[in-house]
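**Student:** have a look at this prediction, sequence included:
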Amino acid sequence: MLRSRISRGRAATLSVAAVVTVAFLGMALDMAARAPAGALTSPPRSAGGYELVASDGGVFTFGDSSYEGSLPALGVRVNNIKAMLPSTDDRGYALLGSDGGVFSFGDEPFTGSLPEKGISANDIVGIVFTQYAGGFLIVGADGGVFTIGNAQFEGSLPGFGIHVNDIVGIAPTADTKGYWIAGSDGGIFSFGDAKFYGRVPPGGSPVVGIAATPDGRGYWVVEQNGGVFTFGDAISYGSLPGIGVSVSNIVSLLPTFDSRGYWVIGADGGVFTFGDATFFGSLGGFHLAQPIVGAIATS
């Protein structure tokens, strides 16, 4: 995949038409802290946590993360959830379906979704907040980017005449006037004020996610085998192959809030910690009805 810097294209901007908040009181699944074999762990902290979401919309919370409900608890039967988005105060979250459907819980307001606007999709893979309240970006496997609320559109791959079907994630710049889109082959596309800092060499394990540094001057890219690649000012704190752990089910990388570590999340609910990331528990060893597909960190 060629590196491209793109600043033109047609935006699919969605306005706010309804406010729908799904709320459900329930008990968090707060597992005892038991690190998976090979995990690098740090001493426990008094605050912090993370939340995992399964493809059926099941939500699992660890540490002091707040459980605000799940789709199975509400009797909603789906198997197409792709990602999870935190609210700005960590008291809610939104779940994203492969059709662009958005389910909001807790104090996370419903700002819009693709089906609600009559947009048909079946290959949505990622969602990220912008710095503006009520706005976020949705990306599809073809690199199409949709803006909801007051998020700023900076271009898309189809709008630039690039045809792919392997996009796995999106990460915004610090001022949210740009974003990076990552492909499973390691290709990185930059839009708006996002600078291109490099791509993962081809031929390795498939890329499954990308996360930006807080200042927007770098990014981490994680592979399905837990390999971690750093670009710009992102710092490496280790990887699963680097500590001799052999897996092929990693789905996400979550940086800590000070960027001095990260969590690497597996589809089986396993959680591996690097740098100053604290281990708060995992689902490793538990039977899951559906695989974990995404995760968020809470402060």
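**Tutor:** Arrived safely.

**Student:** contacting residues for Gly144?
**Tutor:** Applying C-beta atoms under 8 Å, 6 or more residues apart in numbering to Gly144 gives the contacts 12, 121, 156-158. Placement of C-beta: from N, CA and C, glycine included.

**Student:** what's the farthest-apart pair in those residues?
**Tutor:** Maximum pairwise distance in the contacts of Gly144, criterion C-beta to C-beta, is 14.5 Å, between Ala121 and Leu157.

**Student:** which of those two has more neighbours?
**Tutor:** Neighbour totals were compared for Ala121 and Leu157, and Leu157 leads with 24 against 19 (other C-beta atoms under 10 Å).

**Student:** around the closest residue to the more buried one other than its chain neighbours, how many other residues sit close by?
**Tutor:** Distances taken as C-beta to C-beta, 6 or more residues apart in numbering put Gly143 closest to Leu157, at 2.8 Å, once the chain neighbours are dropped. When neighbours are defined as other C-beta under 10 Å, Gly143 has 28 of them.

**Student:** please apply the same query to Ala194.
**Tutor:** 25.

**Student:** please name the nearest non-neighbouring residue to Ile138.
**Tutor:** Nearest to Ile138 is Phe146, by C-beta to C-beta, 6+ apart, at 4.5 Å.

**Student:** neighbours of the one you found, how many?
**Tutor:** Phe146, neighbours per other C-beta under 10 Å, totals 25.

**Student:** any idea how far it lies from Gly126?
**Tutor:** Distance of Phe146 to Gly126, computed by C-beta to C-beta, to the nearest Å: 11 Å.

**Student:** before we move on, what about Thr230?
**Tutor:** Taking C-beta to C-beta, one finds Thr230 at 20 Å from Gly126.

**Student:** okay, those two: which has more neighbours?
**Tutor:** Between Thr230 and Gly126, counting by other C-beta under 10 Å, Gly126 is the more crowded of the two (24 against 17).

**Student:** helix/strand/coil for the more buried one?
**Tutor:** strand (DSSP: H, G, I helix; E, B strand; the rest coil).

**Student:** so what's it bridging to?
**Tutor:** Val139 (DSSP bridges).

**Student:** same question for Ile167.
**Tutor:** Applying DSSP bridges, one finds that Ile167 bridges with Gly183.

**Student:** does it touch Ala182 like I think?
**Tutor:** Yes: counting by C-beta atoms under 8 Å, Ile167 does reach Ala182; the two are 7.0 Å apart.

**Student:** what's the overlap in contacts for the two?
**Tutor:** Counting by C-beta under 8 Å, 6+ apart, Ile167 and Ala182 have no shared contacts at all.

**Student:** more neighbours, those two?
**Tutor:** Comparing Ile167 with Ala182 by other C-beta under 10 Å, the one with more neighbours is Ala182, at 29 against 26.

**Student:** who touches the more buried one in this structure?
**Tutor:** 167-171, 188-189, 207, 209-210, 221.

**Student:** apply 10 Å and report the result again.
**Tutor:** Ala182 is in contact with 1, 125-126, 139, 166-171, 188-189, 199-200, 207-211, 219, 221-222, counting by C-beta atoms under 10 Å, 6 or more residues apart in numbering.

**Student:** measure it to Leu85 for me?
**Tutor:** In terms of C-beta to C-beta, Ala182 sits 17 Å off from Leu85.
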